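[1] Dropping a prediction and its sequence here:
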Amino acid sequence: MFFAEGDELWEISKTIQWSSEADPFEEETSETSKAKPWGGDWVVWNARSRTVIGSGSWDDIRRLEQSLSINSIPTLQRTRFEFVATAGEAAEASRRSELVLTSRDSEEASAEVEGVRAKTTSQSDMRHALSHSAILFFWPGKEKGVRWEVSSRSTVADGVRTRIAKGRDHDENWELYATISTETADGTPLHGERWIEAPSGPVLWAHYPIAGSYRESFEGDLILKVYPVRDDFMNKLGGGLPGQAVFVEGSSAVNGARRWYLDVRPLLEQNGVKLVHPEAWIGFDPSTSSVVALADRENQDLLEGILDMGRSPVRAVWLETNPESGGWGILSRSGEKASISRSNQGETVLACDIEPTIGGNEQVIDLRYQFDVMNGQKQVGRMQSATTLFPDRPQVVGKVFSSDGKEIEVVMTASISP
């Protein structure tokens with residue numbers, strides 16, 4: 001993949017220079033401020049594939065990235081909206097609309113086709129493979145004069161189809177999805193611009209598939225957790241980058257974590273971490289400045305204290321209610337408001353508004369909300385309050401009674417995404 005017969009290669013090693021971040025407590029001198037020559041094996045420009053290919057240690061490759069300003073290349077945000085409505089138990093969609101918008105990072109884009117309108121502004125977080133977006137989406141309802149609107153400020157994984165909202169319109173259940181991808185100016189997906197030589201051959205050197213402060217439990221009391229850290233976290237803990245990478249392979253249950261890592265177990269064991277479980281491991285992913293650890297709860301708690309460097313990105317909350325009370329669902333970034341509304345001739349007749357805040361080391365979600373409670377197609381009441389939810393745990397927040405005496409239990413479930 002890197003080379004082919006007849007390639008035109010240009011040796012550019014001597015043009016590569018890098019400079020370290022200035023220490024705010026160190027007096028600046030001509031030696032500390034000047035650029036340094038690159039110390040890797042070689043770097044070439046492949047004119048056929050229009051790629052830069054380098055060989056060296058992990059530290060060398062990271063410095064090559066810095067010299068080439070990989071994280072500062074101009075990018076575009078491509079957003080694909082998909083609105084899907086399904087009637088009853090039908091497998092095929094009864095209504096479907098798609099819109100694709102492209103804009104520069106943090107610039108607004110909008111489009112309207114046959115009554116369906118979308119407006120979005122997205123900002124890329126390349127370090128964590130995320131996109132922070134503000135979304136407005138409108139579409140006509142089944143009845144004449146009815147219009148639906150979704151407003152959401154959310155954080156989504158780059159290039160991943162993400163559900164933004166869901167609800168019900170008479171006999172239809174509808175869902176709104178968005179796929180937000182960061183691309184270079186020539187259309188190359190950002191998560192596909194870097195490759196690395198592995199024992200099996202060239203593999204995509206991608207960002208961790210679930211960015212941010214991710215946590216998941218597995219059998220054997222093991223927890224997989226991702227810790228965003230500073231690039232120089234090893235030096236902060238009293239160690240440096242090893243010259244050669246060690247391939248740390250997760251257990252068979254953690255397929256998503258199989259990739260190249262720097263083995264940092266010795267460094268963290270020096271700081272008190274003790275990995276006794278045979279499948280436990282810890283690795284550092286330089287591509288995302290993240291430590292990925294599969295360990296028991298006691299060691300994960302210790303790692304949280306060691307690696308808490310204030311690098312966790314802002315995350316989003318998916319909130320939904322049970323189908324019996326209306327089946328609302330919407331995604332909102334922590335600390336932001338999101339809403340779904342249905343209007344008739346300009347007057348709002350149904351609404352769902354939420355404002356979630358993630359707290360307690362992502363163990364709780366504080367939520368302000370108000371939404372209409374439904375009994376089938378009929379609105380029977382409205383609930384408004386502030387509560388605290390536990391992630392992924394359904395919680396009864398109230399009960400209402402319809403005019404025919406039917407008791408409707410309202411259940412809310414919140415989950416942290418991505």
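    Happy to help now that I have it. Numbering: from 1, shown residues only.

[2] Find the centremost residue of the chain, please.
    Nearest residue to the geometric centre of the chain (CA atoms, centre = their mean): Ala157, 2.9 Å.

[3] can you pull the pLDDT of that one?
    At Ala157, the model reports a pLDDT of 86.

[4] Give me the distance between the residue nearest to it when sequence neighbours are not counted and Leu9.
    In space, and not counting its chain neighbours, Ala157 is closest to Pro418: 4.0 Å by CB to CB, 6 or more residues apart in numbering. Any C-beta I mention is one placed from the backbone N, CA and C, and that applies to glycine too. From Pro418 across to Leu9, the span is 39 Å (CB to CB, to the nearest Å).

[5] Looking at these two, which one has more neighbours?
    Between Pro418 and Leu9, counting by other CB atoms under 10 Å, Pro418 is the more crowded of the two (21 against 13).

[6] so the more buried one makes contact with Ala316?
    Yes: using CB atoms under 8 Å, Pro418 is in contact with Ala316, at 7.3 Å.

[7] what sits in contact with each of those two?
    155-156 (CB atoms under 8 Å, 6 or more residues apart in numbering).

[8] thinking again about what came up before, could you measure from the residue nearest to the centre of the chain over to Arg315?
    Ala157 sits 10 Å away from Arg315, going by CB to CB.

[9] what is in contact with these two at once?
    Both Ala157 and Arg315 are in contact with Pro418, where contact means CB under 8 Å, 6+ apart.

[10] Report the contact partners of Thr321.
    So Thr321 contacts 327-329, 352, 371, 410-413 (CB under 8 Å, 6+ apart).

[11] go on, Ser332?
    Counting by CB under 8 Å, 6+ apart, Ser332 touches 152-154, 316-317, 319, 338, 354-356.

[12] so what's it scoring on pLDDT?
    96.

[13] in the stretch 51-200 of the chain, which spans are helices?
    Remark: helices assigned in the stretch 51-200 of the chain by DSSP state H, counting those that start in this stretch are 58-68.

[14] Double-check Leu331 against Ser152; I have them as touching.
    Yes: between Leu331 and Ser152 there is a contact at 5.7 Å, judged by CB under 8 Å.

[15] Could you please name the strands the helix or strand hosting Ile408 pairs with and the direction of each pair?
    Ile408 is part of strand 407-417 when elements are defined by DSSP states H and E. Using DSSP bridges, strand 407-417 pairs in its sheet with strand 316-321 (antiparallel), strand 395-401 (antiparallel).

[16] Show me which of those strands has the highest average neighbour count.
    Among the strands paired with strand 407-417, strand 316-321 has the highest mean neighbour count (mean count of other CB atoms under 10 Å), at a mean of 25.

[17] average pLDDT across that one?
    95.

[18] Toward the C-terminus, what is the element adjacent to it?
    Counting by DSSP H and E, the next helix or strand C-terminal to strand 316-321 is strand 329-333.

[19] So what are the sheet partners of that following strand and their directions?
    Within its sheet, strand 329-333 is paired with strand 162-169 (antiparallel), strand 316-321 (antiparallel), according to DSSP bridges.

[20] Averaged pLDDT, the first one. What do you get?
    This points to strand 162-169. The model assigns strand 162-169 a mean pLDDT of 94.

[21] now the strands for the stretch 1-150 of the chain?
    9-11, 17-18, 36-37, 42-46, 51-55, 75-87, 95-104, 108-113, 116-125, 130-140, 146-157 (DSSP state E, counting those that start in this stretch).

[22] Need those in a markdown table (columns: distance to Glu175).
    Output for the strands of the stretch 1-150 of the chain, formatted as a markdown table (distance: least, CB to CB, whole Å):
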| stretch | distance to Glu175 |
| --- | --- |
| strand 9-11 | 49 |
| strand 17-18 | 47 |
| strand 36-37 | 53 |
| strand 42-46 | 43 |
| strand 51-55 | 39 |
| strand 75-87 | 5 |
| strand 95-104 | 11 |
| strand 108-113 | 19 |
| strand 116-125 | 14 |
| strand 130-140 | 12 |
| strand 146-157 | 11 |
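
[23] mean pLDDT for those: which is lowest?
    When I compare the strands of the stretch 1-150 of the chain, strand 17-18 is least confident, with a mean of 73.

[24] Now do the contacts for Ile340.
    Neighbours of Ile340 in contact, by CB under 8 Å, 6+ apart: 148-150, 165, 167, 328, 330, 351-352.
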